[in-house]
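Trainee: Structure for the following, please:
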Amino acid sequence: MSSSATPRSAALAAVVTAAVAAGLLAVSPAATAADTAADSANRAAAAGVRIHDIQGDTRISPLVGTAVADVPGVVTGVRGYGSSRGFWFQDPDGDGDARTSEGIFVFTGSGSTPTVRPGDSVLVSGTVSEFVPGGTNSGNQSLTQLTRPSVTVLSSGNPLPAAITVAAWTVPAAYAPAGDPAAGGSVNGLRLDPRRFALDYYESLEGSNIRIGSSRVVGASAYSELWVTVKPEENRTPRGGTRYGSYESQNGGRLKVQSLIPLAEQPFPKANTGDVLTGTTEGPLDFNQYGGYTLTARTPLTVADRGVQRESARPQGRHELSVATYNVENLDPSDPQEKFDALGRAVVGNLASPDILALEEIQDNSGARNDGTVAADQTVERFIAAIRAAGGPAYAWRGIDPENNKDGGEPGGNIRQVFLFNPERVSFADRAGGDATTPTGVVRERGRAALTLSPGRVAPADAAWESSRKPLAGEFTFRGKKVFVIANHFGSKGGDEALTSHRQPPNRSSEVRRHQQARAVNGFVKEILAADRKADVLVVGDINDFEFSATTTALTDGGVLYPAVKSLPRGDRYSYVYQGNSQVLDQILTSPGIGDFDYDSVHINAEFADQDSDHDPQLLRFRP
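Mentor: Predicted structure coming up:
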């Protein structure tokens with residue numbers, strides 16, 4: 001929200017105006033940080049600048065760009081590793097304003113280890129700056145900090161300022177205010193309202209010493225971090241996660257946790273979704289590029305295992321066709337045999353050896369080595385061998401090699417979709433001529449639809465697929481019934497702004513491409529159904545978008561497809577966990593001719609620290 005401005009400090013207003021003009025930040029002209037700067041400036045003149053004067057009551061410091069001297073406080077945490085070394089200190093005597101944080105980060109450099117310790121009473125001089133993790137083009141909020149510091153330690157061993165408890169009852173239900181249209185949708189210049197909005201609440205504590213009680217893990221540990229929720233009942237999944245079910249369900253109880261204790265002194269704990277971070281965890285609240293607000297724990301982390309187990313699907317019946325899709329995360333021959341073996345065991349033991357398996361992210365035979373190789377037969381055959389070694393069927397396979405470096409993904413990897421199928425239960429209609437650039441079409445044969453090329457690519461020259469994976473279409477026969485499967489890997493979400501962006505709602509620029517891709521696939525499905533309205537068509541793969549998204553709406557246009565994941569209970573609708581949000585990325589969509597079916601999102605990866613892929617496979621069984 002914004003309020004009308006009253007005459008305030010012209011000097012501080014000039015500082016903010018200069019920062020905006022320099023392109024550092026977008027600040028709403030309706031309520032600039034200078035709007036409330038006069039009181040802070042007057043107090044500074046009388047008694048020196050305090051931390052709350054620097055933090056101000058918006059996301060941008062009213063003193064940005066200003067040199068400050070002898071700011072008092074007590075050190076609450078030290079980060080002596082990584083590229084952002086420094087320490088946090090906090091004023092134990094606050095101003096009583098819930099909007100102004102009493103803590104702040106002091107950046108000492110990328111290679112300069114701080115010499116202060118928690119409990120040191122210090123005076124810090126330096127320059128106030130707003131650091132945007134990931135750069136200003138990322139859309140991220142900024143971190144208010146002091147740079148080029150000079151530090152005087154007055155005494156040591158002092159009690160730390162009391163930690164502020166962050167809990168279900170302190171975090172507001174509403175996530176963020178709407179951004180100011182006059183500032184391009186930014187919330188940077190809006191006065192914080194920590195009693196109404198979760199993001200404002202966290203921002204009002206930026207740099208402050210906080211604590212949480214025992215909290216459920218909602219994002220498995222990786223890269224020495226994990227995600228918890230302080231709102232245990234917020235969109236809870238049956239397996240202990242937090243479900244992201246709409247653009248308005250951002251789940252404000254999520255909080256990332258890192259440790260300030262060096263790994264050599266305490267290894268970061270292994271945690272799966274549903275486990276519990278036990279006891280009290282305490283430390284400064286940071287803001288960083290990957291996830292935003294982060295509790296940097298000064299205290300040891302202890303995780304209680306709650307025993308979440310990997311799921312296993314039931315075997316298909318004799319008259320049921322089972323079709324699965326699985327993103328195997330950049331699989332290539334350079335991967336260790338352990339990965340192939342684990343994926344093979346999952347196909348057999350967790351997916352019950354599906355009749356048709358569409359794979360995404362199969363890389364070429366040389367992996368990420370950018371040497372012009374495009375064939376992936378070695379990758380696929382090694383995978384099939386691992387399935388066979390795990391007791392599975394001798395799968396046959398079909399695929400089309402892409403043009404070199406034309407399909408996105410890791411440079412040199414040439415990822416693509418591939419079909420595996422069990423020839424003892426399914427036959428494949430081979431129609432020659434399919435290659436990287438030739439599109440398959442649809443014809444009517446004997447009153448039924450047929451592909452002109454099988455396998456074949458769907459509209460590979462369409463601009464929607466530029467530098468992106470082209471859909472792979474195949475025609476199968478099961479017990480005399482024809483089934484069309486279209487395997488997809490839509491464009492990634494790279495470039496989208498985070499949920500914690502300074503723009504609210506965040507910019508989701510990547511979805512423009514996926515909308516185009518969805519329309520292309522939808523059009524192809526309509527061609528099949530125009531030739532045979534009762535045709536059984538499955539659109540499968542890593543759609544890289546949610547079941548409630550405009551991408552899915554475009555895929556289903558005209559009622560030609562139904563997102564089968566919607567047949568599941570809401571709490572089970574997810575295939576991926578990102579920053580503590582359990583969400584749908586992988587889908588199987590069915591044509592109207594497919595009546596009753598049994599759908600399963602088989603949770604074997606996304607919730608686990610030890611994972612063979614970052615995606616959960618999807619499985620559908622039906623009687624053609």
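
Trainee: I'd like the distance from residue 513 to residue 191, if you could.
Mentor: Applying Cβ to Cβ, to the nearest Å, one obtains 37 Å for the distance of residue 513 from residue 191. Bear in mind the C-beta positions are built from the backbone N, C-alpha and C, glycine included.

Trainee: hang on, I meant residue 370
Mentor: Relative to residue 191, residue 370 is positioned 51 Å away (criterion: Cβ to Cβ).

Trainee: More neighbours: which of the two?
Mentor: Counting neighbours by other Cβ atoms under 10 Å for residue 370 and for residue 191 shows that residue 191 has the greater number, 20 against 14.

Trainee: Strands of the stretch 351-500 of the chain, start to end?
Mentor: 356-362, 396-399, 416-421, 427-428, 442-445, 448-451, 456-457, 472-478, 481-489 (DSSP state E, counting those that start in this stretch).

Trainee: Tell me which of the ones you listed approaches residue 436 most closely.
Mentor: strand 456-457 (7.0 Å; Cβ to Cβ).

Trainee: List of residues touching that closest one?
Mentor: Defining contact as Cβ atoms under 8 Å, 6 or more residues apart in numbering, one finds that strand 456-457 is touched by 400, 431, 433-441, 470-474.

Trainee: Neighbour-wise, which one of those leads?
Mentor: Neighbour counts for the contacts of strand 456-457 were taken using other Cβ under 10 Å; the highest belongs to residue 473, with 31 neighbours.

Trainee: quick one: that residue and residue 454 touch, right?
Mentor: Yes: contact between residue 473 and residue 454 holds when scored by Cβ atoms under 8 Å: they sit 7.1 Å apart.

Trainee: where do the contact lists of those two overlap?
Mentor: Between them, residue 473 and residue 454 share the neighbouring residues residue 440, with contact defined by Cβ under 8 Å, 6+ apart.

Trainee: how about the residue lying closest to residue 444 once chain neighbours are set aside, what does it touch?
Mentor: The shortest distance from residue 444 to any residue that is not its chain neighbour, by Cβ to Cβ, 6 or more residues apart in numbering, is 4.4 Å, and that residue is residue 531. With contact taken as Cβ under 8 Å, 6+ apart, residue 531 is in contact with 442-444, 448-450.

Trainee: isn't residue 487 right up against residue 419?
Mentor: Yes: at 6.5 Å, residue 487 and residue 419 qualify as touching, with contact defined as Cβ under 8 Å.

Trainee: any residues in contact with both of these two?
Mentor: Taking Cβ under 8 Å, 6+ apart as the contact criterion, the residues that touch both residue 487 and residue 419 are 358-359, 472, 474.

Trainee: got TSV for those, with distance to residue 517 too?
Mentor: As requested, the shared contacts of residue 487 and residue 419 are exported to TSV (distance: Cβ to Cβ, whole Å):
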residue	distance to residue 517
358	16
359	19
472	13
474	18
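
Trainee: got those as CSV, with pLDDT and distance to residue 296 columns?
Mentor: Listed next are the shared contacts of residue 487 and residue 419 as CSV, based on pLDDT from 0 to 100; distance: Cβ to Cβ, whole Å:
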residue, pLDDT, distance to residue 296
358, 98, 42
359, 98, 39
472, 98, 45
474, 98, 50
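
Trainee: Which two among those are spaced furthest apart?
Mentor: Distances among the shared contacts of residue 487 and residue 419 were taken as Cβ to Cβ; the most separated pair is 359 and 474, at 12.4 Å.

Trainee: buried ones in stretch 371-384?
Mentor: Counting neighbours by 16 or more other Cβ atoms under 10 Å, one finds that the buried residues in stretch 371-384 are 373-374, 376, 379-380, 382-384.

Trainee: mean confidence for it?
Mentor: Per-residue pLDDT values over stretch 371-384 give a mean of 98.

Trainee: Return that stretch as CSV; C-alpha atoms alone will do.
Mentor: Extracted in CSV, the C-alpha atoms of stretch 371-384 (Å, rounded to 0.1, in the frame of the first residue of the first chain):
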residue,chain,number,x,y,z
ASP,A,371,31.8,-32.5,-30.3
GLY,A,372,29.1,-32.7,-32.9
THR,A,373,27.8,-36.1,-31.7
VAL,A,374,24.0,-36.4,-32.0
ALA,A,375,23.4,-40.2,-31.8
ALA,A,376,22.1,-41.5,-28.4
ASP,A,377,22.0,-45.2,-29.1
GLN,A,378,24.7,-46.0,-26.5
THR,A,379,22.8,-44.0,-23.8
VAL,A,380,19.5,-45.8,-24.6
GLU,A,381,20.9,-49.3,-24.9
ARG,A,382,22.8,-48.9,-21.6
PHE,A,383,19.5,-47.9,-19.9
ILE,A,384,17.7,-50.8,-21.5
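
Trainee: before we move on, what SS does residue 533 have?
Mentor: Assigned with DSSP: H, G, I helix; E, B strand; the rest coil, residue 533 falls in the coil class.

Trainee: For it, give me phi and psi.
Mentor: Main-chain dihedrals, residue 533, degrees, to the nearest 10: phi -70, psi -20.

Trainee: try the one 5 residues further on
Mentor: Reported as degrees, to the nearest 10, the phi and psi values for residue 538 are phi -120, psi 130.

Trainee: so who does the nearest residue to it once chain neighbours are set aside touch?
Mentor: Here the nearest residue to residue 538 in space, its sequence neighbours aside, is residue 485; by Cβ to Cβ, 6+ apart that works out to 4.9 Å. Contact partners of residue 485, counting by Cβ under 8 Å, 6+ apart, are 323, 356, 358, 419, 473-474, 476, 537-538, 540.

Trainee: Show me which residues of stretch 262-270 are buried.
Mentor: 268-269.

Trainee: which other residues reach that stretch?
Mentor: Stretch 262-270 is contacted from outside by 80-81, 221, 224-226, 259, 300-303, 609-610, using Cβ under 8 Å, 6+ apart.

Trainee: Now do the same for the nearest residue to residue 371 once chain neighbours are set aside: its pLDDT.
Mentor: Once flanking residues are discounted, residue 371 sits nearest to residue 412: 6.8 Å by Cβ to Cβ, 6+ apart. Looking at residue 412, its pLDDT reads 96.

Trainee: now do residue 40
Mentor: Model confidence at residue 40 (pLDDT) stands at 42.

Trainee: Ok, residue 5 next?
Mentor: Reading off the per-residue confidence, residue 5 sits at a pLDDT of 31.

Trainee: ok so, going back, dump the contacts of residue 485 to TSV, plus distance to residue 158.
Mentor: Rendered in TSV, the data for the contacts of residue 485 read as follows (distance: Cβ to Cβ, whole Å):
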residue	distance to residue 158
323	64
356	66
358	61
419	66
473	69
474	70
476	72
537	69
538	65
540	61
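
Trainee: if we can go back for a sec, would you mind confirming that the residue nearest to residue 371 makes contact with residue 405?
Mentor: Yes: assessed by Cβ under 8 Å, residue 412 is found in contact with residue 405 at 7.0 Å.

Trainee: ok so, going back, which one of the contacts of stretch 262-270 is nearest residue 595?
Mentor: Nearest to residue 595 out of these is residue 610 (Cβ to Cβ; 38.7 Å).

Trainee: quick one: the closest one is in a helix?
Mentor: No: counting by three-state DSSP, residue 610 falls outside a helix, being coil.

Trainee: returning to that earlier point: indicate which one of the strands of the stretch 351-500 of the chain is closest to residue 249.
Mentor: With Cβ to Cβ, the closest approach to residue 249 among these belongs to strand 481-489: 25.4 Å.

Trainee: got the buried residues for the closest one?
Mentor: When neighbours are counted by 16+ other Cβ under 10 Å, the buried residues of strand 481-489 are found to be 482-489.

Trainee: Hey, what's the angle from that strand to strand 356-362? Just curious.
Mentor: Computed by axes from the mean of the first three to the mean of the last three Cα atoms, to 10 degrees, the angle separating strand 481-489 from strand 356-362 equals 20 degrees.

Trainee: Give the rounded mean pLDDT of strand 481-489.
Mentor: Per-residue pLDDT over strand 481-489 has a mean of 98.
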